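> Using only what follows, build the 3D model:
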Amino acid sequence: MADEHGLSSLGDFFYGAVTVGERGQVVIPADARKIFGIEPGHKLLVFRHPHHPGLVLARLDDVQGLLAQVQEMANAIAQLAGDTAEER
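Modelled structure (predicted):
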């Protein structure tokens, strides 16, 4: 059964193996670059996975967009909390 992104098998998550070069560089497989819109010059952030040994790569633009959405939600919650406090 596919999830909300249409992913249903390991093949939907795995794009190939890479080798770390002498300078610590890796090449992101072409299929992954195409699917995620990663182009030369894009900045990627590297995170430690929060629950498992491993790394997570994310485009800087995507992380900034996520943070903007979180800020909007926090502002809306603060507004609601303020409205609720005023009603008491």
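> Show me the shaky parts of this structure.
1-8, 84-88 (pLDDT under 70).
> again, only using 90
Counting by pLDDT under 90, the chain shows low-confidence ranges at 1-17, 49-56, 80-88.
> helices or strands up against the longest helix seen in it?
Ordering each helix of the chain by length in residues (DSSP state H) puts helix 60-87 first. Here helix 60-87 touches strand 44-48, going by 3 or more CB pairs under 8 Å, 6 or more residues apart in numbering; DSSP states H and E. From N, CA and C alone the C-beta is placed, and that goes for glycine too.
> please redo it, this time with the cut-off set to 6 Å
The helices and strands touching helix 60-87, judged by 3 or more CB pairs under 6 Å, 6 or more residues apart in numbering; DSSP states H and E, number zero.
> what angle do that helix and strand 44-48 make?
Relative orientation of helix 60-87 and strand 44-48, computed by axes from the mean of the first three to the mean of the last three CA atoms, to 10 degrees: 70 degrees.
> let's have the chain start at 22 instead
In the new numbering, first residue 22, that becomes helix 81-108.
> in helix 81-108, what's buried?
Buried residues in helix 81-108, counted by 16 or more other CB atoms under 10 Å: none are found.
> Find out how far it is from the centre of the chain, if you would.
Remark: helix 81-108 is offset 19 Å from the chain centroid, using CA atoms, centre = their mean, to the nearest Å.
> now swap in stretch 70-88 and tell me
Worked out by CA atoms, centre = their mean, stretch 70-88 lies 4 Å from the chain centre.
> So what would you say the end-to-end distance of that stretch is?
18 Å (CA to CA, to the nearest Å).
> contacting residues around Val67?
Shown in contact with Val67 (CB atoms under 6 Å, 6 or more residues apart in numbering): Leu76, Leu78.
> Quick check: it vs Gln85, distance?
16 Å (CB to CB, to the nearest Å).
> for Pro74, same thing?
From Pro74 to Gln85 the distance is 27 Å (CB to CB).
> What's the separation between Gly103 and Ala97?
Gly103 is 11 Å from Ala97, by CB to CB.
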